[in-house]
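Undergrad: Predicted model and sequence below, questions to follow.
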Amino acid sequence: MSLAEPEVMPGTTPFVCNRSESVLSVIEKCLDNGVGSCLIVEDDQRLIGRITLDDIRDALLDGTAITDPSLEWHLTNAGALASLGRLRNDVDHQLLQPVLDGGGRLVSVRVDRSAQAVQIAMPHMTRHEFRSMLDAFISSWISSRGPYVQKFEKDFSDFIGARHGIAVSNGTVALHLALVALGVGPGDEVIVPDLTFAATINAVLYCGATPVIVDVDPQAWCMTRPLVEAACTERTRAIIPVHLYGRPAEIGPIAEFANRRGIAVIEDCAEAHGARYGGRPVGQFGDVSCFSFYANKIVTTGEGGMCLTPDDDLALSLRMLRDHGMSPDRSYWHERVGYNYRITNLQAAIGQSQLWRIDEVLQRNAGIAGLYREALMGIPGVRFPPDLPDEYESVVWLACVQVPADKRLPLMQAAREAKVETRPFFHPLSSLPPYRLYARSCPTSRELSATGINLPTSKAVDEQVVERVARVFRDVLG
Ligand SMILES: Cc1ncc(COP(=O)(O)O)c(C=O)c1O
């Protein structure tokens, strides 16, 4: 059981609300604390009960949270109390537990995750995302026009150190747009790694180009320059290095080789926001670099993505292609066949706040990976991601380990029984029906795919959850 901020007076913690607070303030505390609920106390800290975000959702839908926006009102009006939900004293077996003194006053709170179902990933929406999203919503700019889209593009490209940012509906279309903007089409070959999410190869096939699959490196888990060089032909038009599970590909040398040969590089940074190679953030190396902001990503907008590029002409093409191929200077004048791959102002509003918090998320994820390392160290058969040379600076997207292939399924089943979600690594592309035509022998990818497991990595993971995971590992492998 972990103690949440025991040294802070309850009235000021993100877990405790006073009856004089507004429902909006309660929503923000419930979001910030990542538990989704708060305890309610009198001025003298006597516990009144508990309130959850689900209770408030009910009260928002029936309007009482709006017409009567203080907790005080809800506490003193029996009818409204019912609509505010199950405000109650049933404090046992709950995630958020009060610690009371002899007089029933709250002295501290405990977060008890011993029985909580834990998902592999969970977006953490705080008051910042809530406020900017409400602002965008109330402004009525809910489509792709609106100030947050440009702000998010500027802030994200500044964060990576790229000249242009073009926000799009998701990471898959970012890859597609990049390939189209670079003129990749039938007859062209595009090099992709065998171990990646299917979106990487799908985008190549959308263009009618031919994917050339390469194995990944056993230490990096990603493409390296020698692997790329060996797969290059005179038809190679582009390379898509994927920075897998937060681990950078050998992107500096790959980009150098590609530049010399006149081959385009499209970085797939969907899983590696903030990772670096040679001191430079990934996303700075490609002719176009593509990010995903899906709900499980390091920065999320729910669904969303972004293309970054240093090139003015490519930026213009990407913008036009994102918007039906329309000229930016002449309404309804379509220069070419384009797409509607736009992101909404609502999503961008969330993304901007997420970006402000990226350091906090990266630190949190690194901390969680450290906890898993300590707890799983020495359990027979458990292997951690290999250390990388200094020029590679990984981030943790989802914590991961490798286990003996024959033990992985029983391990995942035991984890499910302990209410912990785990995920196997991606299947090798070469093994999947739509891509068998392009299959290559990729022994490293096959081995990683058969042995890798992603572990829950989110605000909901603390020492207690890690210990639950470790118990499962010890039971199955020990
Ligand atoms: C490596 C990789 N590339 C591309 C994508 C596609 O992104 P999206 O889901 O936003 O379309 C993902 C993830 O989801 C991914 O993991």
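TA: Ah, there it is.

Undergrad: Name the residues of the longest helix along the chain that come out as buried.
TA: Across the chain, the longest stretch assigned as helix under DSSP state H is helix 358-376. By neighbour count on 16 or more other C-beta atoms under 10 Å, the buried set for helix 358-376 is 358, 361, 362, 364, 365, 368, 369, 371, 372, 375, 376. In short, each C-beta sits where N, CA and C put it, glycine included.

Undergrad: Run through the residues of the chain sitting next to the ligand.
TA: Near the ligand, the residues belonging to the chain are 170-172, 196-197, 199-200, 242, 268, 270-271, 292, 294, 305 when assessed by C-beta under 6 Å from any ligand atom.

Undergrad: about what we covered before: can you name every helix or strand that the longest helix of the chain contacts?
TA: helix 463-477 (3 or more C-beta pairs under 8 Å, 6 or more residues apart in numbering; DSSP states H and E).

Undergrad: what packs against the helix it packs on?
TA: Under the contact criterion of 3+ C-beta pairs under 8 Å, 6+ apart, helix 463-477 touches helix 358-376, helix 405-417.

Undergrad: what's the following helix or strand after the shortest one?
TA: Proceeding C-terminally, helix 405-417 gives way to strand 423-424 as the next helix or strand, assigned by DSSP states H and E.

Undergrad: and what of the first one?
TA: Sequence order places strand 392-393 as the next helix or strand after helix 358-376, per DSSP H and E.

Undergrad: Which strands and helices lie in contact with that following strand?
TA: With contacts taken as 3+ C-beta pairs under 8 Å, 6+ apart, strand 392-393 sits against strand 276-277.

Undergrad: ok, the strand it packs on: who's next to it in the sheet?
TA: Strand 276-277 sits in its sheet next to strand 280-281 (antiparallel), strand 392-393 (antiparallel), going by DSSP bridges.

Undergrad: Nearest to the ligand: which residue in the protein?
TA: Closest to the ligand within the chain is residue 171: 2.5 Å, counting by C-beta to the nearest ligand atom.

Undergrad: Measure how far the host helix or strand of residue 446 is from the centre of its chain, please.
TA: Element membership for residue 446, per DSSP H and E: helix 443-451. Offset of helix 443-451 from its chain centre (C-alpha atoms, centre = their mean, to the nearest Å): 24 Å.

Undergrad: Not counting its own residues, what contacts the helix or strand following that helix?
TA: Later in the chain than helix 443-451, the nearest helix or strand by DSSP H and E is strand 452-454. Residues from elsewhere that reach strand 452-454 (C-beta atoms under 8 Å, 6 or more residues apart in numbering): 120, 245, 398-403, 408, 411-412, 422-425.

Undergrad: same check, this time on stretch 365-377
TA: Under C-beta under 8 Å, 6+ apart, the answer for stretch 365-377 is 298, 382, 384, 395-397, 399, 401, 455, 457, 461, 463, 466-467, 469-470, 473.

Undergrad: switch the cut-off to 7 Å
TA: Contact partners of stretch 365-377, identified using C-beta atoms under 7 Å, 6 or more residues apart in numbering, comprise 382, 384, 396, 399, 401, 455, 457, 461, 463, 466-467, 470, 473.

Undergrad: what does stretch 129-137 give?
TA: 27, 28, 31, 146, 148, 345, 346, 349, 350, 352, 353, 354.

Undergrad: Ranking by neighbours, what's the top pick from these?
TA: Among those, residue 349 has the most neighbours (other C-beta atoms under 10 Å), with 29 neighbours.

Undergrad: Test my guess that it contacts residue 148.
TA: Yes: using C-beta atoms under 7 Å, residue 349 is in contact with residue 148, at 4.2 Å.

Undergrad: Quick check: buried residues in stretch 38-52?
TA: Neighbour counts over stretch 38-52 (16+ other C-beta under 10 Å) mark 38, 39, 40, 41, 45, 47, 48, 49, 50, 51, 52 as buried.

Undergrad: Retrieve the pLDDT associated with the residue nearest to the residue of the chain closest to the ligand when sequence neighbours are not counted.
TA: Setting aside the residues directly before and after it, residue 171 is nearest to residue 292 in space (C-beta to C-beta, 6 or more residues apart in numbering), at 2.6 Å. With respect to pLDDT, residue 292 scores 98.

Undergrad: wait, residue 292 sits on residue 168?
TA: No: using C-beta under 7 Å, residue 292 is not in contact with residue 168; the gap is 9.8 Å.

Undergrad: Quick check: neighbours shared by the two?
TA: Counting by C-beta under 7 Å, 6+ apart, the residues touching both residue 292 and residue 168 are residue 305.

Undergrad: hmm, back to that, same list, the helices and strands packed on helix 463-477, but as CSV with mean pLDDT please.
TA: Formatted as CSV, the helices and strands packed on helix 463-477 follow (pLDDT from 0 to 100):
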stretch, mean pLDDT
helix 358-376, 98
helix 405-417, 98
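
Undergrad: Figure out which of the ones you listed is closest to residue 255.
TA: Set against residue 255 and scored by C-beta to C-beta, the helices and strands packed on helix 463-477 come closest in helix 358-376, at 23.5 Å.
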